[in-house]
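In: just need the structure, nothing else, for what follows:
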Amino acid sequence: MKKSQYSESQVFGILKEQELGKSVIEICRTHGITQGTFYRWKSKYSGMESSDIQKMRDLESENSKLKKLYAERCLEIEALKDVLSKKR
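Out: Sure, this is the predicted structure:
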């Protein structure tokens, strides 16, 4: 997945502009983003404080690690099943 050129704090600032009364079209033109990008950010970050962004990043990182561990365990279980079925 492509890395965004905007950091989460910058996205948070862009969304704040709309809360202050700027139109979405004007914000998008100023920052060089599409309206789709703006609304995707809004759905992801709406109602968050800047401290919540760090918590969300930490949770996403932990979730990624847990998914990798789960995948490894599934592979180990399948390998053990194959070994056991060959012995019979």
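In: Q18 versus the residue positioned nearest the centre of the chain, what's the distance?
Out: In the chain, the centroid-proximal residue (CA atoms, centre = their mean) is E60; its distance is 6.8 Å. E60 is 24 Å from Q18, where distance means CB to CB, to the nearest Å. (Each C-beta comes from the backbone N, C-alpha and C, glycine too.)
In: go through the protein and flag its longest helix.
Out: Taking DSSP state H as the criterion, the chain has its longest helix at helix 50-87.
In: what is that helix packed up against?
Out: helix 8-19 (3 or more CB pairs under 8 Å, 6 or more residues apart in numbering; DSSP states H and E).
In: quick check: angle from the helix it packs on to helix 50-87?
Out: 130 degrees (axes from the mean of the first three to the mean of the last three CA atoms, to 10 degrees).
In: downstream of helix 8-19, the next helix or strand is which one?
Out: For helix 8-19, the following helix or strand on the C-terminal side (DSSP states H and E) is helix 24-31.
In: buried residues in the helix or strand of the chain with the lowest mean pLDDT, which are they?
Out: Here the helix or strand of the chain ranked lowest by mean pLDDT, DSSP states H and E is helix 8-19, holding a mean of 87. The neighbour-count check on helix 8-19 (16 or more other CB atoms under 10 Å) flags 8, 11-12, 14-15 as buried.
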